[in-house]
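Undergrad: Fold the stuff below for me.
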Amino acid sequence: LVITRKDGIRRTIQVMADIAASAEGLHSIACLTILDITDTCDLMETLRNDQHDLERIIHEKTKALTLAISETKKELELRKEAEILAHNNEDDLHQFIKTIPAIVYKFDLHTKKSRYCSEKSIDILGIQASDIEKNDNLWFDQIHKDDINSFNQSLLSAKKSGYSEIEYRVMDVNGKWKWIYDRHVLVKRNNKSIIQGIASDITDFKDAERTVARNEKQLRSLFESMTDAVLILDRSGLLLDVAPTKREFLTRAREELVGTRLSDLFPSDDLTRTIVAIADALASERVVSIDFQLLINGCPHWFSGTVAPFTKDSVICVARDITDRKRTEALIEKTATDYRILLDNIQTQIWYLSDEHTYGAVNQAHAAFGGAKVEDWAFKDMFSFLPKDVAGTCRESNRKVFETGKPILTEEWVPHESGTRRLLSSLKTPKLRPDGTVEYVVCSADDVTEKRQAEKTLRTVEHVTDFRARVARILEPLAAAQARLDTGTETGHRSCLA
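TA: Numbering: from 1, shown residues only. Down below sits the predicted model:
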């Protein structure tokens, strides 16, 4: 209980009541014991508060410790992951370096020692990377004597500016000089100057560069010897450039021609066709051919041009003077017409074979023999117009000529326009190339059906005459015996009569 004393002080008391055992006939006696437990309660309250604070402090400390342990564990896990990631990144970096077609290296400028070299050194120089890392002078010893000073200067330049690049020659294990394009990058770590470099093999590029220079020289020589005109034109016909050739038909200098238009050079009809050819070449991205005519010093000249795409909006045109060829073609055409007239007006059948079963040109007599037109047989496969058995027989004899390169004379039964088969005597003569192979075979044929029949009849008559002669020779002794018999009989008759 909590009571208040007379002096106003509150105290806490504990009251214990006990009933004493009563004797018979006597009333029960209650004993009350009153204890002042104020100090004890205060002490207990203090203890409870201290215990609560202690529990709170222990809880907070435990919580903080748990959090610290968790953070430490996370930090350890992150550190472990970082170590794994760093290891993986290092592996990835090494794998990536292996894919680089160049030598990746590190070089300590202070100690003059190689700290790292990639495995590409074996592919480019035939030298193991470990040998370069162990032998500090190996790389320097392989550099061409004329390039070593430039290489050292490049290292100094990288040390000053942080970057430099250089091309130099290095000897591989086979004694062959390789051109190297080297890029130096300065990296400072722990007060050390490290050169990280990438050395690429540019030998093929250098060879190509020399080839291009040589080809350019040859191309210039070729241009100087060419009589064709090489022009660069845009799609509108503007002359952008002229190659330095011996263009005799372009009477104006190159400087005067550049910037002019085709309309200044071509008549209107040829100009239109040329502009169309330029448009076709650019649209189709292919070479377009065109022939055109120009009046030079009052005389007509023919030219053959090829127009090919050069850039997206320009073409290159090569023009050649073909006036002499045109005149020759005209003469050949006239001569061919004359020969055609002769070939189509003779009875002998003439044609040629481009291979063992393909016809070339055919004259009128040969086509008419089969009841066809010249265009039906010319430049056609003979299996397309001859019966298969006849074409097969002809092919076999043709094959012999193409294989042996020697002329042969054949007789073959060929369908006639009358529906019968006639016997053709064909002479097949090969035209040989310089190497001895057959270029084509010229064939000439005559219908020998009646001739062979007459020869057969003549042979039959000769056989009968010969038979009669043999019979006469056989009968001649019999006739003589009969004559002698007749003579003897007549003599006997005469004796009897006498």
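Undergrad: could I get the helix or strand hosting Ala279 in PDB with only the CA atoms?
TA: Following DSSP states H and E, the helix or strand that holds Ala279 is helix 268-284. The C-alpha coordinates for helix 268-284 follow below in PDB (Å, rounded to 0.1, in the frame of the first residue of the first chain):
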ATOM      1  CA  SER A 268      22.800  16.900-131.700                       C
ATOM      2  CA  ASP A 269      21.900  13.300-132.600                       C
ATOM      3  CA  ASP A 270      25.100  11.800-131.200                       C
ATOM      4  CA  LEU A 271      24.800  14.100-128.200                       C
ATOM      5  CA  THR A 272      21.400  12.800-127.300                       C
ATOM      6  CA  ARG A 273      22.500   9.200-127.600                       C
ATOM      7  CA  THR A 274      25.600   9.900-125.500                       C
ATOM      8  CA  ILE A 275      23.600  11.500-122.700                       C
ATOM      9  CA  VAL A 276      21.200   8.500-122.800                       C
ATOM     10  CA  ALA A 277      24.200   6.100-122.500                       C
ATOM     11  CA  ILE A 278      25.500   8.100-119.500                       C
ATOM     12  CA  ALA A 279      22.100   7.800-117.800                       C
ATOM     13  CA  ASP A 280      21.900   4.100-118.600                       C
ATOM     14  CA  ALA A 281      25.400   3.400-117.200                       C
ATOM     15  CA  LEU A 282      24.600   5.200-114.000                       C
ATOM     16  CA  ALA A 283      21.200   3.700-113.600                       C
ATOM     17  CA  SER A 284      22.200   0.100-114.300                       C
END
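Undergrad: So which elements touch it?
TA: strand 288-296, strand 299-309, strand 314-321 (3 or more Cβ pairs under 8 Å, 6 or more residues apart in numbering; DSSP states H and E). From N, CA and C alone the C-beta is placed, and that goes for glycine too.
Undergrad: go again using 6 Å as the cut-off
TA: In terms of contacts (3 or more Cβ pairs under 6 Å, 6 or more residues apart in numbering; DSSP states H and E), helix 268-284 is packed against strand 288-296, strand 299-309.
Undergrad: Could you dump those strands into CSV and include mean neighbour count and distance to Arg484?
TA: Converted to CSV, these look like this (neighbours: other Cβ atoms under 10 Å; distance: least, Cβ to Cβ, whole Å):
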stretch, mean neighbour count, distance to Arg484
strand 288-296, 16, 100
strand 299-309, 16, 99
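Undergrad: Tell me which of those strands sits nearest to Lys6.
TA: strand 299-309 (126.6 Å; Cβ to Cβ).
Undergrad: pLDDT of the closest one, averaged?
TA: Confidence over strand 299-309 (mean pLDDT, whole number) is 82.
Undergrad: orientation of it relative to strand 314-321 in degrees?
TA: 150 degrees (axes from the mean of the first three to the mean of the last three Cα atoms, to 10 degrees).
Undergrad: Can you tell me the strand partners of strand 299-309 and which way each runs?
TA: Strand 299-309 has the following sheet partners, assigned by DSSP bridges: strand 288-296 (antiparallel), strand 314-321 (antiparallel).
Undergrad: So which residues make contact with the shortest one?
TA: It stands for strand 314-321. 228-234, 249, 278, 281, 303-310 (Cβ atoms under 6 Å, 6 or more residues apart in numbering).
Undergrad: and if we set it to 7 Å?
TA: The list of residues contacting strand 314-321 from outside it, by Cβ atoms under 7 Å, 6 or more residues apart in numbering, reads 228-234, 240, 249, 278, 281-282, 301, 303-310.
Undergrad: What of stretch 161-181?
TA: Contacts with stretch 161-181, where a contact means Cβ under 7 Å, 6+ apart, come from 124-127, 142-144, 147, 150-151, 154, 157-158, 182-186, 199-203, 206.
Undergrad: Can you list the low-confidence ranges for the stretch 251-400 of the chain?
TA: Residues of the stretch 251-400 of the chain that meet the criterion pLDDT under 70 lie in 251-254, 266-269, 295-298, 339.
Undergrad: What mean pLDDT does stretch 194-211 get?
TA: Confidence for stretch 194-211, expressed as mean pLDDT, is 85.
Undergrad: Can you check the pLDDT for Lys106?
TA: The pLDDT attached to Lys106 in the predicted structure is 81.
Undergrad: got the strands paired with strand 299-309 as TSV, with distance to Pro387 columns?
TA: As requested, the strands paired with strand 299-309 are exported to TSV (distance: least, Cβ to Cβ, whole Å):
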stretch	distance to Pro387
strand 288-296	42
strand 314-321	48
